[in-house]
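K.L.:
coordinates only, sequence not included:
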């Protein structure tokens, strides 16, 4: 039996699919236990929702806008493995819009961002582990002794005793289904149905169009969240290369679904128009870029922290299993590593 072989041999070869915060956290923790860990990432570099795009004069955060630290282990982990200079407190005034259109203040809570961009965290964490980028894992084959992972060209990518999947639930389900694990894949059906898409547009204004808030949760049919990216620490808003103020606009899931296949230039124009309607600004736009997130965030449903299929030696982790916040990815990875732990071996 595969399960018997799995338990007789101390786990030493572990594959992680996905290099977002959950994958990087799991890799670092497992590696510290003495295991040999390899991360496979389909994109050019690590990050997941900790995404940023280069723009004139710096960069803008297109995915997660900030993170909290309710788990007392989270910030120390980042300080140790990413470095204390890789994140900072964002002291911007945040507001949310009531149904009557009035603005209220966010609850007081420390909020943090990566510096000088959100990807600084994932880039720094990835230095400690082996990440094989631009490699999409399409299926896994189970033998009597191990898992063999194959990329989209059919090339075998190695043999592993354990596999951890940290991709969005739709991609995790597809990988399990393509690996002849339909019963495991079916357990992700509900999570897949709860994933929400998001069009994100970064807009450069000639001057700050809304000085009142640095970030806003909107009550608008098109806009869910808007933020002054230039107000975040380390964004060089006062740099001579920074010619204006960059704002990031996140569309609502409903609006995104209605416009999911719309051209990026049309999406950009309509969300800028919505922002002008929201704020009443007439400040000139000098540049803009758009990005479509098909798997932006999850809403509702069971959030057990992680999934661990002991018989198959497969684990699933991600922020969607831990509350949806950035910190939830860390929590999910930690709980999975604990659940799948073998006796530590010498480092």
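P.N.:
Perfect, thanks for sending it. Since this is a predicted model, take the numbers as computed values, not measurements. Numbering: from 1, shown residues only.
K.L.:
For the rest of this, base every contact and every neighbour count on C-alpha atoms.
P.N.:
Fine.
K.L.:
Go through this protein and flag its longest helix.
P.N.:
With secondary structure taken from DSSP state H, the chain has its longest helix at helix 264-279.
K.L.:
so for the helix or strand just after that one, what's the average pLDDT?
P.N.:
Reading on from helix 264-279 to the C-terminus, the next helix or strand found by DSSP states H and E is strand 285-298. Over the span of strand 285-298, the pLDDT mean works out to 94.
K.L.:
mind listing the strands for the stretch 101-250 of the chain?
P.N.:
Taking DSSP state E, counting those that start in this stretch as the test, the strands found in the stretch 101-250 of the chain are 103-105, 112-114, 130-132, 137-142, 147-151, 156-160, 162-165, 195-205, 215-217, 223-228, 245-251.
K.L.:
which of those strands sits most buried?
P.N.:
Among those, strand 245-251 has the highest mean neighbour count (mean count of other CA atoms under 10 Å), at a mean of 26.
K.L.:
Please identify the pairing partners of that one and their relative orientation?
P.N.:
Strand 245-251 pairs in its sheet with strand 195-205 (antiparallel), strand 223-228 (antiparallel), by DSSP bridges.
K.L.:
Out of the strands of the stretch 101-250 of the chain, which gets nearest to residue 182?
P.N.:
Proximity of the strands of the stretch 101-250 of the chain to residue 182 was assessed by CA to CA; the nearest stretch is strand 137-142, lying at 12.5 Å.
K.L.:
on that earlier part again, dump the strands paired with strand 245-251 to a markdown table, plus distance to residue 257.
P.N.:
Written out in a markdown table, the entries for these read as follows (distance: least, CA to CA, whole Å):
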| stretch | distance to residue 257 |
| --- | --- |
| strand 195-205 | 7 |
| strand 223-228 | 13 |
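K.L.:
Point out the one among those strands that comes closest to residue 336.
P.N.:
Closest among the strands paired with strand 245-251, once you apply CA to CA, is strand 195-205, at 21.1 Å.
K.L.:
Nearest spatial neighbour of residue 212, chain-adjacent residues omitted?
P.N.:
For residue 212, ignoring the flanking residues on the chain, the nearest one in space by CA to CA, 6 or more residues apart in numbering is residue 93 at 7.7 Å.
K.L.:
next one: residue 112
P.N.:
By the measure of CA to CA, 6+ apart, the closest residue to residue 112 outside its immediate chain neighbours is residue 89, 4.4 Å from it.
K.L.:
Look up phi and psi at the one you found.
P.N.:
The main-chain torsion angles of residue 89 are listed as degrees, to the nearest 10 and equal phi -80, psi 130.
K.L.:
if I pick it, what's in contact with it?
P.N.:
With contact set as CA atoms under 8 Å, 6 or more residues apart in numbering, residue 89 has these partners: 110-113, 233.
K.L.:
Take those and write them to CSV, including distance to residue 69 and pLDDT.
P.N.:
Below are the contacts of residue 89 laid out as CSV (distance: CA to CA, whole Å; pLDDT from 0 to 100):
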residue, distance to residue 69, pLDDT
110, 8, 96
111, 8, 97
112, 8, 98
113, 11, 98
233, 17, 96
